[in-house]
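A.B. asks: from the sequence below, what's the structure:
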Amino acid sequence: MALIFPRPVSEFADKLRLSSVKFWLDGQEEFSGLGSGEFLAADLGPKIWKAEVSIMDLRHADAAEVQALIESMDGSIGTFYLYDPRKQYPRLDPGGAILSAAAPAIASIGANRKSLTVSGLPPGYKLSVGDLFHHDYGSNPVRRALHRVAELAIANSGGTTNTFEVRPHLKPGAAVGQAITLIKPAPKMKIIPGSFDPGTGENVFTTGMRFQAQQTP
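C.D. replies: All right, here's what the predicted structure looks like:
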């Protein structure tokens, strides 16, 4: 059976056996120094998510399986969905049991493109500062945006939150009615060229396998 790209979370991220991860929003900014010692900054492009992934020490056969998963990306050509293992669920809903079968969606978008409301949540449901969610937008190809909650949001009795800000700013393709995912939110990513290290075989374990990844639309 042919591999599907982007590789689904269940077929890639869930199988990586991570030992540690760095996951952050990286800016594309230009800086200019002033005579006063201060500096000016300007965005040159949208902020993108990056990750540094380290694989736990594994027996050689298990390490070979993980290496095969990574090498199936054909370097930086293939794409995959990768989540931050520290933020698989909302802070106040570990495991996602409260969210259950709810179907949250974008209910409104602020004119500043960095605030929104979300509907379809259980009454009283809270989105904490630092929680993540993703949503898909566009077609042919479908694109994905990942956002981090920057203000506390609480769903009212009808399941709709107050207005709250997120980062990065919402994409031009974001629209009311698009579903959002709060469980294992995962942007589409590619391996950064030259960053894959297969690790070193020592006795019965392979150690030090790692790679870096960058968000792609």
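A.B. asks: tell me where the model's unsure across this protein.
C.D. replies: 29-31, 37, 41-44 (pLDDT under 70).
A.B. asks: tell me which element the residue of the chain most remote from its centre falls in.
C.D. replies: Here the chain reaches farthest from its C-alpha mean at residue 35, the gap being 39.1 Å by Cα atoms, centre = their mean. For residue 35, there is no host helix or strand (DSSP states H and E).
A.B. asks: torsion angles phi and psi at it?
C.D. replies: In terms of degrees, to the nearest 10, the main-chain angles of residue 35 are phi -60, psi -20.
A.B. asks: so what's residue 162 closest to, chain neighbours aside?
C.D. replies: residue 153 (5.9 Å; Cβ to Cβ, 6 or more residues apart in numbering). Where you see a C-beta, it was placed from the backbone N, CA and C, and this is true even at glycine.
A.B. asks: ok, now how distant is that neighbour from residue 107?
C.D. replies: Distance, residue 153 to residue 107, using Cβ to Cβ, to the nearest Å: 11 Å.
A.B. asks: between these two, what contacts are shared?
C.D. replies: Common contacts of residue 153 and residue 107, defined by Cβ atoms under 8 Å, 6 or more residues apart in numbering, comprise 117, 118, 161.
A.B. asks: quick one: the last one and residue 155 touch, right?
C.D. replies: In other words, residue 161. Yes: contact criterion Cβ atoms under 8 Å: residue 161 and residue 155 qualify, at 5.2 Å.
A.B. asks: overlap in contacts, these two.
C.D. replies: Common contact partners of residue 161 and residue 155 (Cβ under 8 Å, 6+ apart): 118, 121.
A.B. asks: just the CA coordinates for stretch 154-162, please, in CSV.
C.D. replies: Provided in CSV are the C-alpha atoms of stretch 154-162 (Å, rounded to 0.1, in the frame of the first residue of the first chain):
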residue,chain,number,x,y,z
ILE,A,154,-14.6,30.4,28.6
ALA,A,155,-17.6,28.9,26.8
ASN,A,156,-21.0,30.3,27.8
SER,A,157,-24.2,28.3,28.4
GLY,A,158,-24.5,28.0,24.6
GLY,A,159,-21.0,26.7,24.1
THR,A,160,-19.5,29.9,22.6
THR,A,161,-16.4,31.5,24.1
ASN,A,162,-15.7,35.2,24.8
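A.B. asks: okay, now the residue nearest to residue 162: neighbour count?
C.D. replies: Using other Cβ atoms under 10 Å, residue 153 has 23 neighbouring residues.
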